[in-house]
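> Just the structure for this:
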Amino acid sequence: MEKTLEPQFAEVQAGMVSICLEYCEGVASEVYIVVVYYDDDGAYSFESDFFFRIRDKLHKKIALQNDLGDGIGNVPKNRLYSAIKMLNGDVKKLILLCKEHNQPMPNVMKLVYDVKTGKLEADYKYKPVKDLSLTISEKWMVSIEGK
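Numbering: from 1, shown residues only. Take a look at the predicted model:
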């Protein structure tokens, strides 16, 4: 029996969270992942970003390459590049899954993983985006900090 899209999609998303947790060496209390997908008549591209809540503060992935104090940070650059490469590989899997099941790929996908509860929340938007994902990621980070 063929799997439906939803469990396969969820499985790949769980892998994306695992990649980010490994990158931050498990010190985050929340993981935030954003993917922006563009499709221009079959020629697609995408961008992805991720950031973390560590000790009640939000931290960009790049900030973990610097010593943030209190034992956080100092993640080697090669780990960052590896995490980005693996995350992008998972995004490509999601795009292919959607195509295989004749379903649209979300134009914006925001994932929030709560480490303590193990709960993953997903927010999908299907309107074409003109913003760059880093801009969307930055805006999302600012809106979270404001809460």
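> can you pull the contacts of K116?
Neighbouring residues of K116 by C-beta atoms under 8 Å, 6 or more residues apart in numbering: S29. Every residue, glycine included, has its C-beta placed from N, CA and C.
> Let's test this: name the helix or strand in this structure with the lowest mean pLDDT.
Within the chain, confidence by mean pLDDT, DSSP states H and E is lowest for strand 67-69 among all helices and strands, at a mean of 50.
> show me what contacts the nearest residue to G26 once chain neighbours are set aside?
Closest residue to G26 apart from its sequence neighbours, by C-beta to C-beta, 6 or more residues apart in numbering: V115 at 7.8 Å. Going by C-beta under 8 Å, 6+ apart, V115 touches 21, 26, 28-31.
> Can you identify the element that follows the longest helix along the chain toward the C-terminus?
Secondary structure assigned by DSSP state H gives helix 77-100 as the longest helix of the chain. Counting by DSSP states H and E, the next helix or strand C-terminal to helix 77-100 is strand 108-114.
> Please name the bridge partners of the residue sitting nearest the centre point of the chain.
Compute the mean C-alpha point of the chain, and by C-alpha atoms, centre = their mean the closest residue is I33, 2.3 Å away. Here I33 sits in beta bridges with F50, L111, going by DSSP bridges.
> can you check K125 too?
V108.
> Could you export the strand or helix carrying I19 as CSV, CA atoms only?
According to DSSP H and E, I19 maps onto helix 5-23. Output in CSV follows, covering the C-alpha atoms of helix 5-23 (Å, rounded to 0.1, in the frame of the first residue of the first chain):
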residue,chain,number,x,y,z
LEU,A,5,1.7,12.5,1.4
GLU,A,6,1.1,13.6,5.0
PRO,A,7,3.2,10.9,6.8
GLN,A,8,6.0,11.1,4.3
PHE,A,9,6.0,14.9,4.6
ALA,A,10,6.0,14.7,8.4
GLU,A,11,8.9,12.2,8.3
VAL,A,12,11.1,14.6,6.3
GLN,A,13,10.2,17.5,8.5
ALA,A,14,11.2,15.5,11.6
GLY,A,15,14.5,14.9,9.8
MET,A,16,14.9,18.6,9.3
VAL,A,17,14.4,19.2,13.0
SER,A,18,16.9,16.5,13.9
ILE,A,19,19.5,18.2,11.7
CYS,A,20,19.0,21.5,13.5
LEU,A,21,19.1,19.9,16.9
GLU,A,22,22.4,18.2,16.1
TYR,A,23,23.8,21.5,14.8
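> Nothing else from me, thank you.
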